[in-house]
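[1] Give me coordinates for this.
(chains A, B, C and D)
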Number of protein chains: 2
Amino acid sequence: MDTPRWLNDEEIALWKRLQAISEILPATVDAQLRADVELTRYEYYVLAMLSEAPERRLPMSTLALVTNGSLSRLSHAARRLEQEGWIVRERVPTDRRAMIATLTEAGFAKIVDAAPGHVERVREVLFDHLDPDQVAALNAALAPVLAALLPELGDPAECPGSC
Amino acid sequence: MDTPRWLNDEEIALWKRLQAISEILPATVDAQLRADVELTRYEYYVLAMLSEAPERRLPMSTLALVTNGSLSRLSHAARRLEQEGWIVRERVPTDRRAMIATLTEAGFAKIVDAAPGHVERVREVLFDHLDPDQVAALNAALAPVLAALLPELGDPAECPGSC
DNA sequence: GATAAATAGTTGAACTCGCAAGTATTGAAG
DNA sequence: CTTCAATACTTGCGAGTTCAACTATTTATC
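    Here you go, the predicted structure:
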């Protein structure tokens, strides 16, 4: 093994910042969702993605992609969400390996109910401390990072039914 | 409850990017460490912080702070690390509630062995795709976010024995 | 058209982590 | 000097995630 390409000071600082953010941000949001609406952050995200999808339904594979989760993680989460009655899973007739997850009416009501508290916490922990210029700067600075992490998806916000 | 203060498009984009990064970055690093050196990312971070501390030792409380983890999480991790022989925990004579964690020689050798592969993966997933200007821009843009998340600590990179 | 390989998804076991509760010690108040 | 609260951890349990293994179906290959 060759001599390692160590990080310089700027890189170390950035890496530590990213680690801290990745640790604290999700934990904060999780705590609010669990306490207030008994949902995991991941479960919330699954419901949110379904609620924005056409017909409020997506194949499991696609759902795993847009939620940045493994298929296994999604499958476990889907079982819980189905037990609670927030979604249903059905086989696709044209490809009988595939499953389509559909948000139920109750599930839609659930996320409509959960969203305000969630957004409020996100504001408290993040946006209340940032002015619009800082938000724009962050968006610009983070774009190349995501391009590196998700080689295929240029923008995580874009993901119509086709992906 | 008043009408929620919804996020605008820029804020939504930023929030999704931060979520994606917080999901993917730690998972990628975790996978490398588990596969190559049988360490959790958190365990690695604990060893790393100890290796940089004066005398390679820190009280558990301080260690929990600098690793951005709860005391419970650290306690669980410390038990595993102690069982493997990478650290030892000893009571402090002056305050017999406190425990000091010390990196053993084997533990120091362990992180010296683990570091190159870890850094290499960090490079692959992040810094190989960013030029120095982008790194600087990210550092600048992320600073206010961390200031919001960690009201007390201005800079996560700074944390001498005093904190 | 049979066989192999790839795709879609599920499941069980192992492991980590958060929470609540518990122990031990120190500091503060009366 | 006793009591009560705060500090510094530890531990058991439960919940979520990952990994490997498995089933089922579809596509590709010979």
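
[2] all contacts plus neighbour counts: C-alpha atoms, from now on.
    Noted.

[3] which bits of chain A sit near DNA strand D?
    A:39-40, A:42, A:69-70, A:72-73, A:76-77, A:93-97 (C-alpha under 7 Å from any atom of the strand).

[4] Check chain A for the residue nearest chain B and tell me.
    Nearest residue of chain A to chain B (C-alpha to the nearest C-alpha) works out as residue A:22 at 4.2 Å.

[5] tell me the mean pLDDT over the longest helix along chain A?
    Selection of the longest helix in chain A by residue count, based on DSSP state H, yields helix A:9-37. The average of the pLDDT scores along helix A:9-37 is 94.

[6] out of the residues of chain A next to DNA strand D, who has the most neighbours?
    Highest neighbour count within the residues of chain A next to DNA strand D: residue A:39, with 21 neighbours (other C-alpha atoms under 10 Å in any protein chain shown).

[7] Please verify my assumption that the residue of chain A closest to chain B contacts residue B:26.
    Yes: using C-alpha atoms under 8 Å as the test, residue A:22 is close enough to residue B:26 to be in contact (7.2 Å).

[8] Looking at the two, which is more packed in?
    Per other C-alpha under 10 Å, whichever of residue A:22 and residue B:26 has more neighbours is residue A:22, with 20 against 16.

[9] where does the residue nearest to residue A:20 when sequence neighbours are not counted land in three-state SS?
    The shortest distance from residue A:20 to any non-neighbouring residue, by C-alpha to C-alpha, 6 or more residues apart in numbering or on different chains, is to residue B:68 (6.7 Å). Following DSSP: H, G, I helix; E, B strand; the rest coil, we place residue B:68 in the coil state.

[10] Residue B:68: neighbouring residues, count only.
    As a burial measure, residue B:68 scores 21 neighbours (other C-alpha under 10 Å).

[11] what do you get for residue A:147?
    For residue A:147, the neighbour count with other C-alpha under 10 Å is 16.

[12] And residue A:103, by the same measure?
    Using other C-alpha under 10 Å, residue A:103 has 29 other residues around it.

[13] I'd guessed it sits against residue A:89; true?
    No: between residue A:103 and residue A:89 there is no contact under C-alpha under 8 Å: 9.1 Å.

[14] Filter the residues of chain A next to DNA strand D down to the ones in helices?
    Those of the residues of chain A next to DNA strand D lying in helices (DSSP H): A:42, A:72, A:73, A:76, A:77.

[15] quick one: low-confidence ranges for chain A?
    A:1, A:151-163 (pLDDT under 70).

[16] What ranges does it have for its strands?
    For chain A, the strands defined by DSSP state E occupy A:57-59, A:87-91, A:99-103.

[17] now the longest helix of chain A: how far from the chain's centre is it?
    Here the centre of helix A:9-37 is set off from its chain's centre by 14 Å, with C-alpha atoms, centre = their mean, to the nearest Å.

[18] Tell me the buried residues in that helix?
    A:11, A:13-26, A:29-30, A:32-33, A:37 (16 or more other C-alpha atoms under 10 Å in any protein chain shown).

[19] do stretch A:83-101 as well
    A:86, A:87, A:88, A:89, A:99, A:100, A:101.

[20] which of those residues sit farthest apart?
    The two members of the buried residues of stretch A:83-101 with the most space between them (C-alpha to C-alpha) are A:86 and A:99, at 15.9 Å.

[21] Roughly how far does residue A:4 sit from residue B:124?
    12 Å (C-alpha to C-alpha, to the nearest Å).

[22] Check residue A:22 too.
    Applying C-alpha to C-alpha to residue A:22 and residue B:124 gives a distance of 18 Å.

[23] before we move on, the earlier item: OK, contacts around the residue of chain A closest to chain B?
    Counting by C-alpha atoms under 8 Å, 6 or more residues apart in numbering or on different chains, residue A:22 makes contact with B:21, B:22, B:23, B:25, B:26.

[24] Now render those as TSV, adding distance to residue A:141.
    Output for the contacts of residue A:22, formatted as TSV (distance: C-alpha to C-alpha, whole Å):
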residue	distance to residue A:141
B:21	13
B:22	15
B:23	18
B:25	16
B:26	19
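
[25] Please identify which pair of those lies farthest apart.
    B:21 and B:26 (8.1 Å).

[26] Please give me every residue in contact with the closest residue to residue A:136 other than its chain neighbours.
    Nearest in space to residue A:136, with sequence neighbours left out and distances taken as C-alpha to C-alpha, 6+ apart, is residue B:10 at 7.0 Å. Applying C-alpha under 8 Å, 6+ apart to residue B:10 gives the contacts A:135, A:136, A:139.

[27] Neighbour-wise, give me the winner out of those.
    Result: residue A:135 is most packed of the contacts of residue B:10 (other C-alpha under 10 Å), 22 neighbours.

[28] Tell me how far it lies from residue B:140.
    The value you get for residue A:135 to residue B:140, if C-alpha to C-alpha is used, is 12 Å.
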